[in-house]
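Colleague: Let's see this in three dimensions:
(2 chains)
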Amino acid sequence: MNITTRIRKFPFWSWVWFLLGLLYFVMPLLATFEFSLGMERDVIGFKAYQTAFADPEFLETFGYSVFLATMTIIVSIILIVPTAYWIRLRLPEARRTVEFITLLPFVIPAIILVFGLIRVYSSPLNIPFTEVTLIKPLTNFNFGTNVLIVGGYMVLGLPYMYRSVDTGMRTVDVRTLTEAAQSLGASWYVIITRVILPNIRTALLSGALLTFAIVLGEVVLASFLGIPAFGPYLFLLGQHRAYEPAALTFATFLITWAAMGIIQLITGGQGQAAGAH
Amino acid sequence: MTHLALKNISKHFGEFTAVNDFNLEVKKGEFVSFLGPSGCGKTTTLRMIAGFETPTNGKITIEGQDITDKAPSQRNVGMVFQAYALFPNMTVAQNIGFGLRIRKEPEDSIKKRVADMLALIHLEQKGDSYPYQLSGGQQQRVALARALAIRPEVLLLDEPLSALDAKIRVSLRAEIRAIQRELGITAIYVTHDQEEALSISDRIVVMSEGEMDQVGTPFEIYNFPKTVFVANFVGSLNTADAEVLDPENGLVAMDGVQFEAGEGTSYRKKGDKVKIAIRPERFNFASEQKKANVVDCTIANITFLGSVVRIQVIIGKTKFNMDTFNNPFLELPRIGDKDQVSCSREAVLVLND
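Modeller: Down below sits the predicted model:
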């Protein structure tokens, strides 16, 4: 092979676009990181990180958001995996409608969603035509508010989770795998837990990662529902501090990726998933 | 004794009839192929046996037991798919043992069965490999072992060789047949490849537009097709419009050229319009071998196909293909030559349209 052929074969433009994309995503992160190191005048150090982490409110709000994110991911998986699976298997004609529904969070702002939630769930649920209350207003107690916000987060994460799961299912041809498992005597529970879920693990993980990131950074829903989450904390901190929010933003980014890495490690010992090779 | 029976099976998808009044009885250990073009209903019929589709009408029984309404997981029917359908997250051994684990068999017996199955498909060393580490042919052998591991009543194979290259197809089909014979298992095989069906089956069901056109041994299907569709679909064939001249003596005429047919005219009347069909290999040059039908022809074309030389001749106004085995000393005529070709009475088939 001569040099001209080699040069011709080298995907020059692909690399140019890749590097441009990489810079576009990495530069703001690096800038944030660089800024977060300059809290003390003329010294490059981690002072901003020390101050931020020392604040007990940080741990409290961060832990709370991680809990909400975990709950959101679990509920999303429980709702979305069987839905996407059933649509692929039995209701392909419903796919366009469901895809449209999953895209609604892109066109309906979070502020509308939260006002809708408050409007509907701030009144008690009575037995029709009576004054007997079945459920008191969800906004009036902690568990109820948590349910509301997890529901809201699930809606915000819907486009990402649904698309990831649906793509994962397309990659492994769930229909044939289901039929193969059925012919071997497997029940629906076995098919979902031992055949489908392990084979869409990569897709689930990417959906979970996006949901996690959305929940950690979300401000509107948490603020209006009065939830002490990490998003509003970071927002408030940014109003009167400069370096700590930058440090926390960068740290959150690293923690999110580390969390996903741990999930991958924990679930990754069972061999190769279909989409992973 | 009948092992698998399909009685008056029909399947409609809305207005569309995929399978119409399908009847078949399969003996234990028999290898039956469903052969036909795309959309003829062969896969739908197979899927009804597997339980993935429910018949609109009719009944399916295995060993006399009605399984029509049973779930696929309750039928004990093994299935091999065109796309292999191995579970990507499991090793070869785990794939083969999957059905046994579902049945909660003891771990020792699963291990033994998996080892036996691996030996059967000659992949003893691949137990710990993942499907993506195997070739297409190896994956399909694993799929076969997985389907057989559960000791199914019936083995269903849905175009299992279509995704493989030609050489592997030929060797694997022989392997499938050998394994089926060794285990004595009843097998239903769906294919659109007539050579595959002819080479592997005890009986072939030729299907078109949801109906059974003919059921018979490969020999019967090839040599005595009952319809133009079967004759055309299985092997290559010359067909031409003709008219019955003498029903008693089997005389028919095509473009004024007379042919004597073996059968198929006795129940017709003089003047009936029919189709005659003659396989290319049933023709000879009249100088080589004198037979019942000797007709004048003109050489129109000669095509070399390797082991066979295809000579196109014009008889009357109709073009016929004539196949002759190639040999280095073959003296071929030239295009435009006048000659005579012959064929036996039995070679001339009078068919239903």
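Colleague: Buried ones in whichever strand or helix holds A:W257, by neighbour count?
Modeller: Here A:W257, judged by DSSP states H and E, is contained in helix A:243-267. Neighbour counts over helix A:243-267 (16 or more other C-beta atoms under 10 Å in any protein chain shown) mark A:243-253, A:256, A:259-260, A:263 as buried. (Glycine included, C-beta is placed from N, CA and C.)
Colleague: and what of stretch B:220-239?
Modeller: For stretch B:220-239, by 16+ other C-beta under 10 Å, it's B:221-231, B:233-235, B:237-239.
Colleague: Please narrow those residues to those residing in helices.
Modeller: B:221-223, B:228-231, B:233 (DSSP state H).
Colleague: how about those in a markdown table, adding distance to chain A and pLDDT?
Modeller: Converted to a markdown table, those look like this (distance: C-beta to the nearest C-beta, whole Å; pLDDT from 0 to 100):
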| residue | distance to chain A | pLDDT |
| --- | --- | --- |
| B:I221 | 29 | 92 |
| B:Y222 | 32 | 90 |
| B:N223 | 36 | 86 |
| B:V228 | 36 | 83 |
| B:F229 | 30 | 87 |
| B:V230 | 30 | 89 |
| B:A231 | 35 | 85 |
| B:F233 | 27 | 87 |
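Colleague: how long is stretch B:199-214 end to end?
Modeller: Terminal residues of stretch B:199-214 are spaced 17 Å apart (C-alpha to C-alpha, to the nearest Å).
Colleague: Distance check, the most centrally placed residue in chain B against B:F233.
Modeller: With distances taken as C-alpha atoms, centre = their mean, B:A197 lies nearest the centre of chain B, 2.9 Å away. Separation of B:A197 from B:F233 (C-beta to C-beta, to the nearest Å): 10 Å.
Colleague: Identify the contacts common to the two.
Modeller: B:L35 (C-beta atoms under 8 Å, 6 or more residues apart in numbering or on different chains).
Colleague: Now do the contacts for B:D213.
Modeller: Contact analysis of B:D213 by C-beta under 8 Å, 6+ apart lists B:36, B:206-207, B:226-227, B:229-230.
Colleague: one more time with 10 Å, if that's ok
Modeller: For B:D213, the contacting residues are B:35-36, B:40, B:205-207, B:221, B:225-231, B:233-234, B:352, by C-beta atoms under 10 Å, 6 or more residues apart in numbering or on different chains.
Colleague: what about residue 54, how many neighbours?
Modeller: Went with chain A since none was named. A:A54 has 10 neighbours, counted by other C-beta atoms under 10 Å in any protein chain shown.
Colleague: actually it's chain B I care about, not the one you picked
Modeller: 10.
Colleague: Now do whichever strand or helix holds B:A119: which elements does it pack against?
Modeller: For B:A119, the host element (DSSP H and E) is helix B:107-120. Contacts defined by 3 or more C-beta pairs under 10 Å, 6 or more residues apart in numbering or on different chains; DSSP states H and E place helix B:107-120 against helix B:92-102, helix B:136-149, helix B:166-183.
Colleague: hey, C-alpha coordinates of that helix in CSV?
Modeller: The C-alpha coordinates for helix B:107-120 follow below in CSV (Å, rounded to 0.1, in the frame of the first residue of the first chain):
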residue,chain,number,x,y,z
GLU,B,107,-27.6,-29.5,37.5
ASP,B,108,-25.7,-32.8,36.9
SER,B,109,-28.1,-34.0,34.3
ILE,B,110,-28.1,-30.6,32.6
LYS,B,111,-24.3,-30.7,32.4
LYS,B,112,-24.4,-34.2,30.9
ARG,B,113,-27.1,-33.3,28.4
VAL,B,114,-25.2,-30.1,27.4
ALA,B,115,-22.0,-32.2,26.9
ASP,B,116,-24.0,-34.8,24.8
MET,B,117,-25.5,-32.0,22.7
LEU,B,118,-22.1,-30.3,22.2
ALA,B,119,-20.7,-33.7,21.1
LEU,B,120,-23.6,-34.2,18.7
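Colleague: List the contacts of that helix.
Modeller: Under C-beta under 10 Å, 6+ apart, the answer for helix B:107-120 is B:92-101, B:103-106, B:123-127, B:141-142, B:144-151, B:175, B:178-179, B:182-183.
Colleague: How about stretch B:97-106?
Modeller: So stretch B:97-106 is in contact with A:180-181, A:183-187, A:190, A:194-195, B:73, B:76, B:78, B:86-87, B:90-91, B:94, B:107, B:109-114, B:117, B:127, B:146-152, going by C-beta under 10 Å, 6+ apart.
Colleague: Buried among those residues? Make that a ChimeraX selection.
Modeller: Selecting only the buried entries of those in ChimeraX, with 16+ other C-beta under 10 Å as the criterion:
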select /A:180,181,183,184,185,186,190,194,195 /B:73,76,78,86,87,90,91,94,110,113,114,117,127,146,147,148,149,150,152
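Colleague: quick one, helices of the stretch 151-300 of chain B?
Modeller: Along the stretch 151-300 of chain B, counting by DSSP state H, counting those that start in this stretch, helices occupy B:166-183, B:194-200, B:218-223, B:228-233.
Colleague: Could you say which of these is packed most deeply?
Modeller: Sort the helices of the stretch 151-300 of chain B by mean neighbour count, taking mean count of other C-beta atoms under 10 Å in any protein chain shown, and helix B:228-233 sits at the top with a mean of 22.
Colleague: what about the strands in chain A?
Modeller: Listed in chain order, the strands of chain A (DSSP state E) span A:125-126, A:133-135.
Colleague: Dump the ones you listed into JSON lines; add mean neighbour count and mean pLDDT as well.
Modeller: Below are the strands of chain A laid out as JSON lines (neighbours: other C-beta atoms under 10 Å in any protein chain shown; pLDDT from 0 to 100):
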{"stretch": "strand A:125-126", "mean neighbour count": "12", "mean pLDDT": "82"}
{"stretch": "strand A:133-135", "mean neighbour count": "10", "mean pLDDT": "81"}
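Colleague: Out of those strands, which is closest to chain B?
Modeller: Checking the strands of chain A against chain B by C-beta to the nearest C-beta gives strand A:133-135 as the closest, at 38.0 Å.
Colleague: What strands line up against the closest one, and which way round?
Modeller: strand A:125-126 (antiparallel) (DSSP bridges).
Colleague: Return the residues of the stretch 151-300 of chain B in contact with chain A.
Modeller: Applying C-beta under 10 Å from any C-beta of the partner chain, we find that the stretch 151-300 of chain B lies next to chain A at B:152, B:156, B:158.
Colleague: Mind putting those residues into JSON lines with pLDDT?
Modeller: Listed next are these as JSON lines, based on pLDDT from 0 to 100:
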{"residue": "B:P152", "pLDDT": "94"}
{"residue": "B:L156", "pLDDT": "96"}
{"residue": "B:D158", "pLDDT": "95"}
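Colleague: Which one of the helices of the stretch 151-300 of chain B has the poorest average confidence?
Modeller: Lowest mean pLDDT of the helices of the stretch 151-300 of chain B: helix B:228-233, a mean of 86.
Colleague: Relative to B:A253, which of the ones in helices among the buried residues of stretch B:220-239 is nearest.
Modeller: B:V228 (18.4 Å; C-beta to C-beta).
Colleague: ok, now how distant is the closest one from B:V206?
Modeller: For B:V228, the distance to B:V206 (C-beta to C-beta) stands at 12 Å.
Colleague: if I pick the residue nearest to the centre of chain B, what's in contact with it?
Modeller: B:32-36, B:173, B:189-191, B:203-206, B:218, B:221, B:233-234.
Colleague: at 7 Å what do you get?
Modeller: Shown in contact with B:A197 (C-beta atoms under 7 Å, 6 or more residues apart in numbering or on different chains): B:33, B:35, B:191, B:204.
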